[in-house]
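Using only what follows, build the 3D model:
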Amino acid sequence: MSIYETRRQTFMEKMQPDSVAIFKSAPEFALSPGMELPYRQNSEFYYLTGLEEPDSICVLAPNHKEHHFVLFVHPRDPAAETWTGKRTGTEGAISDYGADIAYTIEEVDEKLPQYLRGMSTLYYNNGCSETFDVELIEQLKRYRNVLWNSIKSLVNPSVILDEMRLIKDAHELDLMRKAAAISAEAHIEAMKAVHPGMHEYELQAVIEYVFRKHGSRRNAYESIIGSGPNGTIMHYNENSRRIENSDVVMIDAGAEYDYYAADISRSFPANGHFTAEQRAIYEIVLEAEEKAIEAVQPGKTLEDIHNVTVEVITKGLMRLGILQGEYDKIIEEKTYTQFYMHSASHWLGLDVHDRGPYVVKGKWREFAPGMVLTIEPGIYITEHVEGVDPKYWNIGIRIEDDVVVTEQGCEVLTTGVPKSVADVEALTNHVGA
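Okay, here's the model as predicted:
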């Protein structure tokens, strides 16, 4: 049984009685007519099928007498395939992807009703495909005498899939280790390459070359290469500034490998040496990250991890005089969010901000083995912050690693990237090289 068949079986076992599920593939996007962007399948569709073709539909029908897994795909077409590559076709949908039966996408209007008939619940992610949303509603209306009267509820399949995707199996973890290893090498090469006078996009080129060299077809997200003041911008991705001698460079970049994401951040001096102020901020963030990683274990929550980082960062900024006042009041009023404004963590998997609720029935979800998450505290001090010594202005530091929860604690997937001050300076100091 393939991993995809196992997932489909698990999903169908969790469906309500007398129900059917329909999944639509991701649409194609184009810069202009005939200039399509590289295709990336919808994560849920890929999770259940492994099929990467657009204009496809997956039907899971556990109550059908013969066909529990149905695919609608484009037919083989030698003329079209000359332009866009080989298609799976109905034969390949059965032989290569395990469908019980497959139809051409043009047959959906004729063939789909038989899988909806007599069902009371339809699992469908309304809004996933605006065009197909309309087509499906119109079909339900046309066949309302035999279908509409039976279908009583529409349920988002993500309710089931989010829970399934939250716990990674051995195959998924192997892919994530590979994505992490590729990303780690890329960050190391960027540290080796950095020097004052180059542009942020040159470091982006180094990073993404390593991704592609090792089989990562896509970034997990747009690379952030923030030097100097740009390192204080959360989702900066213009990557166009010329790097100056005194800058800290903050890189947040991760590879996607076989659809699974890595997410790493490192901060380092452009000239190979932190200033005293940069080092002071860096060491606070590093302590926060290391203590947060130590705290990860079954039973803990994202809130617990975030609170560890908040305590370390708040006390550290108080020592430097950047935060002033009583600790308890700073925590209560969240004054620290002027410099640390994001969460310390998020789920990681098929999507860089992977699916799965953080809170269940009003309580923070407890960690369990197989969950993968980031640990990413940061401090961001912009220019002209009132009450902050100018020597700390334009320092943005984030340190981020990926961890998987284990029975005893956690495994750090991204250990390949150095982060101690000594190691970072050794990689970025090119004097005499």
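
got the domain boundaries for the chain?
3-164, 167-428 (automatic domain parsing).

so can I have CSV of the ones you listed showing mean pLDDT?
CSV is the format used below for the domains of the chain (pLDDT from 0 to 100):
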stretch, mean pLDDT
domain 3-164, 90
domain 167-428, 98
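
which stretches of the stretch 251-400 of the chain form helices?
Taking DSSP state H, counting those that start in this stretch to define them, one finds helices in the stretch 251-400 of the chain at 276-295, 302-319, 327-333.

for the host helix or strand of Glu208, the distance to its chain's centre please.
Using DSSP states H and E, Glu208 maps to helix 200-213. Computed by CA atoms, centre = their mean, to the nearest Å, the separation of helix 200-213 from the middle of its chain amounts to 19 Å.

What strands flank the following helix or strand past it, and is each parallel or antiparallel?
Next helix or strand after helix 200-213 toward the C-terminus (DSSP H and E): strand 218-219. Using DSSP bridges, the strands paired with strand 218-219 are strand 255-257 (antiparallel).

which residues are contacting the strand it pairs with?
The contact list for strand 255-257 (CB atoms under 8 Å, 6 or more residues apart in numbering) reads 175-176, 178-179, 182-183, 186, 211, 214-220, 261-262. Every C-beta, even on glycine, is put in place using the N, C-alpha and C of the backbone.

Distance from it to the middle of the chain?
With CA atoms, centre = their mean, you get 10 Å for strand 255-257.

Now do the same contact list for the closest residue to Arg242 other than its chain neighbours.
Spatially, and ignoring its direct neighbours in sequence, Arg242 is nearest to His199 (5.4 Å; CB to CB, 6 or more residues apart in numbering). By CB under 8 Å, 6+ apart, the contact set of His199 is Asn239, Ser240, Arg241, Arg242, Ile243.

export the helices of the stretch 251-400 of the chain to a markdown table and tack on mean neighbour count and distance to Trp347?
Converted to a markdown table, those look like this (neighbours: other CB atoms under 10 Å; distance: least, CB to CB, whole Å):
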| stretch | mean neighbour count | distance to Trp347 |
| --- | --- | --- |
| helix 276-295 | 19 | 15 |
| helix 302-319 | 19 | 9 |
| helix 327-333 | 12 | 26 |
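
what about Asn219, how many neighbours?
Applying other CB atoms under 10 Å, we find 20 other residues in the vicinity of Asn219.

cool, and Met35?
By other CB under 10 Å, the residues close to Met35 number 7.

And it, its phi and psi?
For Met35, the backbone dihedrals (degrees, to the nearest 10) come out as phi -120, psi 70.

Okay, and the beta partners of it?
Met35 has these beta-bridge partners by DSSP bridges: Ser32.

Give me the secondary structure label for Val59.
Using DSSP: H, G, I helix; E, B strand; the rest coil, the structure places Val59 in strand.

ok, now which ones touch it?
Per CB under 8 Å, 6+ apart, neighbours of Val59: Val20, Ala21, Ile22, Phe23, His67, Phe69, Val70, Leu71, Phe72, Leu112, Tyr115.

what's the answer for Pro357, then?
Residues near Pro357 by CB under 8 Å, 6+ apart: Asp162, Arg365.

What distance do you get for it to Thr301?
Look at Pro357 and Thr301: by CB to CB, to the nearest Å, they are 12 Å apart.

what sits in contact with each of the two?
Shared contacts of Pro357 and Thr301, counting by CB under 8 Å, 6+ apart, come down to Arg365.

separation between Ala186 and Ala179?
Distance of Ala186 to Ala179, given as CB to CB: 11 Å.

What of Val159?
27 Å.

So for these two, which residue has more residues nearby?
Set side by side, Val159 and Ala179 give different neighbour counts by other CB under 10 Å, the larger being at Ala179 (30 against 11).

For the more buried one, give me its contacts.
Applying CB under 8 Å, 6+ apart, we find Ala179 in contact with Ser216, Ala220, Gly254, Ala255, Glu256, Tyr257, Tyr260, Ala261, Ala262.
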